[in-house]
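In: Provide a 3D model corresponding to the input given below.
(4 chains)
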Protein chains: 2
Amino acid sequence: MAVTMQDVAARAGVSIKTVSNVVNGYPHIRPATRERVEEAIDHLGYRINETARSLRTRRTDMITLAVPELSLPYFAELADSVIQAADARGLTVLIEQTSAGRSREVDVLTGKRRNMTDGLIFSPLELGPEDLALFDVDFPLVVLGERVFGAPADHVTMNNVAAAQAATLHLASSGRKRIALIGGHEGEHVGSAALRTTGYRQGLEEAGLPYDPALVAEAGLWHRSTGAEAMGRLLDEGVEIDGVFALNDALALGALHALHARGLDVPGDVAVIGFDDIDDARYSAPTLSSVDPGREQIAQTAVGLLVARIADADAGPFRRVVPDSRIIGRESTGDAPTSGAETVVAVQEGGVERVEPQGEPAAV
Amino acid sequence: MAVTMQDVAARAGVSIKTVSNVVNGYPHIRPATRERVEEAIDHLGYRINETARSLRTRRTDMITLAVPELSLPYFAELADSVIQAADARGLTVLIEQTSAGRSREVDVLTGKRRNMTDGLIFSPLELGPEDLALFDVDFPLVVLGERVFGAPADHVTMNNVAAAQAATLHLASSGRKRIALIGGHEGEHVGSAALRTTGYRQGLEEAGLPYDPALVAEAGLWHRSTGAEAMGRLLDEGVEIDGVFALNDALALGALHALHARGLDVPGDVAVIGFDDIDDARYSAPTLSSVDPGREQIAQTAVGLLVARIADADAGPFRRVVPDSRIIGRESTGDAPTSGAETVVAVQEGGVERVEPQGEPAAV
DNA sequence: CCGCTAGCCTACAACGTTGTAAAGCACGCG
DNA sequence: CGCGTGCTTTACAACGTTGTAGGCTAGCGG
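Out: Below is the predicted model:
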């Protein structure tokens, strides 16, 4: 059916291996031979069978990216960045959506699909510390986010606590005293929600503001719709509010929507800041202040670490990388005089630490 | 290194082929044998080598989805739907972004990666009728959109003209007389821009409104930023405007942003309608009326057609499928009394037609 | 009691490529 | 003129799986 090296070899009058050598750029080939082979390739329309090559070389040059869902702008933008970073290294990205729940996340780590690709970049949403054993896998793995800590894998995370603290402080510094938090996950001790909530409380403390549980609105899923609902609930309860820290931008946009629906002015009545700095934030009305967690850097780093592990699984101790993050001020916190403007209000420095095989983190 | 069927066979005291039979659910196996094999698989932690299987069976159970970029919400949502539809059929999706331009699109059709997957769903942005020859490929292909017409492939498109006409008419029916169009591509005769522009003109005509070139703003890329710029340009020129039809939602959201920045009220001063009905439209301020082109149905149909071609490449004539589309009225056209509300203003019926091998379309 | 059938299992080859080891060849030097 | 050297090319096996064809066993009908 398809043209194989066999056919090319026959037409060029050389051995199969010589065709292989030409295709793979092996240097010691007589120009005349190379030319004959290339002519045969063109003439026959030969295309290498990547599957056979993969079987032989044990590499597929594909990696998997597992995220909750692409409909969430943050993950769509992350996927975009990961695909570009992978592309720059000649890798193709296969995407798995795990929003269907826990079992999908387990599948990602154990399922049969895993051995079609050279490695996995995984952003878990449900799996936590109790599932640590699942992360002890026999393929290159980079974990995103902070749900799972001691996993025997490289880690790329965010400056969650410091950035959330800075965001809260930013609201306080403009005189806001009743700062609500949207998107909390009650009872959770790991993961972005818990960490950002910690940052929020530290920010309040630093600003000398009391922590008031009545100002905290839960939201399991971080969608626009849940953000709108949570904001609505707070407003219905009649709690006094002059600032909102939403744990991601989708929630913040939902909150803006709810505030607008009730005729409240942003930032006049209420200042709002989100987290993730998705593209949307630059175009909402009003434009949304947010935390830029360094998405581009996260993607690049994750791909880089994965590539290193693919090249050499035992490439030293596992790393934990935290990109710099920045607070971006826009209209929703009164930082932008004109609508298109934005200012970098603060920067939280990231860093790299090595995690020794035994599991204790060691500063670098 | 890795455990193979060989190892499993040795432990279970059977032939390799019997292991294969167990793994593949071949029915005629003695329970005792099956059990021994399964015990060996569990004990050794055997996982099938998909690459070897693919080489032998000539199937990878992977398909490629090529879209401009995932950062555009429409394509992110489309990818989400495609991945889910593929998943339901046991297929994994590999994503390629082609926003880098024409050469990337050519690569998608001719590049070496193509033979790692069983088929391709391709949404071209640059390639047009002049590239028809490129689409005559030797692998299953489903084309999305309307840039390429007579391609020898199945086609899933949108009701572009009719829906754009209905959208324009909807603006007119609320008394708008100066309806701008945002996102035009001057000189283009194929593709969504041209078709939606045609619908716009037909809508104006049907409403008895004149076509005024001064109301048409170009925008090459359909991003929020370009929508804001285009809207800004129109407003700067001082053209009188009381309605806006943006060729997609990103443009519309950018336009809302620009209108808001200049203190214009939507829908009071200007009514706005977009196209694509992305999730964002439900949460912008004001909420955005839009055309729902049937994204879910597009994804399902595309995967379905592709699967059929993979199963049998000669499965009858090529099809051209157009899902139903609907005009969704929200605040930006004054259709929603309360902010969360929306109404289906109109429906444009789609359909299926068969394209005979010779190339002439024939109604069904 | 024989032969046939159905059920269960196996040996072998093949999918298309690349790594290994080695062979052929030309050239230059002693 | 012989031999080593380095370039060029090749044969062969192997990657791990599945399709094909056939063998063996037990059971059943005649």
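
In: can you list the residues of chain A near DNA strand C?
Out: A:1-2, A:4-6, A:16-17, A:20, A:23-24, A:48-49, A:52-53, A:55-57 (C-beta under 7 Å from any atom of the strand). Glycine gets a C-beta too; all of them are placed from N, C-alpha and C.

In: hmm, 10 Å instead?
Out: Applying C-beta under 10 Å from any atom of the strand, we find that chain A lies next to DNA strand C at A:1-9, A:15-24, A:26, A:28, A:30, A:46-59.

In: filter these to the buried ones?
Out: Buried members of the residues of chain A next to DNA strand C, scored by 16 or more other C-beta atoms under 10 Å in any protein chain shown, are A:3-5, A:7-9, A:18-23, A:46-51, A:53-55.

In: does the residue nearest the centre of chain A sit in a helix, a strand or a coil?
Out: A centroid search over chain A (C-alpha atoms, centre = their mean) returns residue A:78, at 4.9 Å, as the residue closest to the centre. Of the three states, residue A:78 takes helix under DSSP: H, G, I helix; E, B strand; the rest coil.

In: thought it was touching residue A:297?
Out: No - the pair residue A:78 and residue A:297 fails to qualify as a contact (C-beta atoms under 8 Å) at a distance of 11.3 Å.

In: what's the spacing between residue A:77 and residue A:11?
Out: Distance, residue A:77 to residue A:11, using C-beta to C-beta, to the nearest Å: 48 Å.

In: more neighbours, the two?
Out: Neighbour comparison, residue A:77 and residue A:11: the larger count goes to residue A:77, with 23 against 18 (by other C-beta atoms under 10 Å in any protein chain shown).

In: without its sequence neighbours, what residue ends up closest to the more buried one?
Out: Spatial nearest neighbour of residue A:77, excluding adjacent residues (C-beta to C-beta, 6 or more residues apart in numbering or on different chains): residue B:71 at 5.4 Å.

In: phi and psi next, for the one you found.
Out: phi -70, psi -20 (degrees, to the nearest 10).

In: per-residue pLDDT of the residue nearest to the centre of chain A, please?
Out: With respect to pLDDT, residue A:78 has a value of 97.

In: quick one: it from residue A:293, how far?
Out: Taking C-beta to C-beta, one finds residue A:78 at 10 Å from residue A:293.

In: could you pull out the strands for the stretch 151-300 of chain A?
Out: Secondary structure of the stretch 151-300 of chain A, counting by DSSP state E, counting those that start in this stretch: strands at A:154-156, A:179-184, A:216-218, A:243-246, A:271-273, A:290-292.

In: tell me which strands the last one pairs with, and in which orientation.
Out: Spelled out, that is strand A:290-292. strand A:325-329 (antiparallel) (DSSP bridges).

In: C-terminal to the strand it pairs with, which secondary structure element comes first?
Out: For strand A:325-329, the following helix or strand on the C-terminal side (DSSP states H and E) is strand A:343-348.

In: that next one packs against which elements?
Out: Helices and strands touching strand A:343-348, by 3 or more C-beta pairs under 8 Å, 6 or more residues apart in numbering or on different chains; DSSP states H and E, are helix A:160-173, strand A:325-329.

In: now what about it, what contacts it?
Out: Contacts to strand A:343-348, defined as C-beta atoms under 8 Å, 6 or more residues apart in numbering or on different chains, come from residues A:159, A:162-163, A:166, A:170, A:289, A:324-329, A:335-336.

In: and the helices in the stretch 51-200 of chain A?
Out: A:73-88, A:102-110, A:160-173, A:191-207 (DSSP state H, counting those that start in this stretch).

In: mind checking which of the ones you listed is nearest residue B:240?
Out: helix A:73-88 (34.9 Å; C-beta to C-beta).

In: tell me what angle that closest one forms with helix B:73-88.
Out: For helix A:73-88 against helix B:73-88, the angle between stretch directions is 80 degrees (axes from the mean of the first three to the mean of the last three C-alpha atoms, to 10 degrees).

In: could you list the buried residues of helix A:73-88?
Out: Quick answer for helix A:73-88 (16+ other C-beta under 10 Å): A:73-87.
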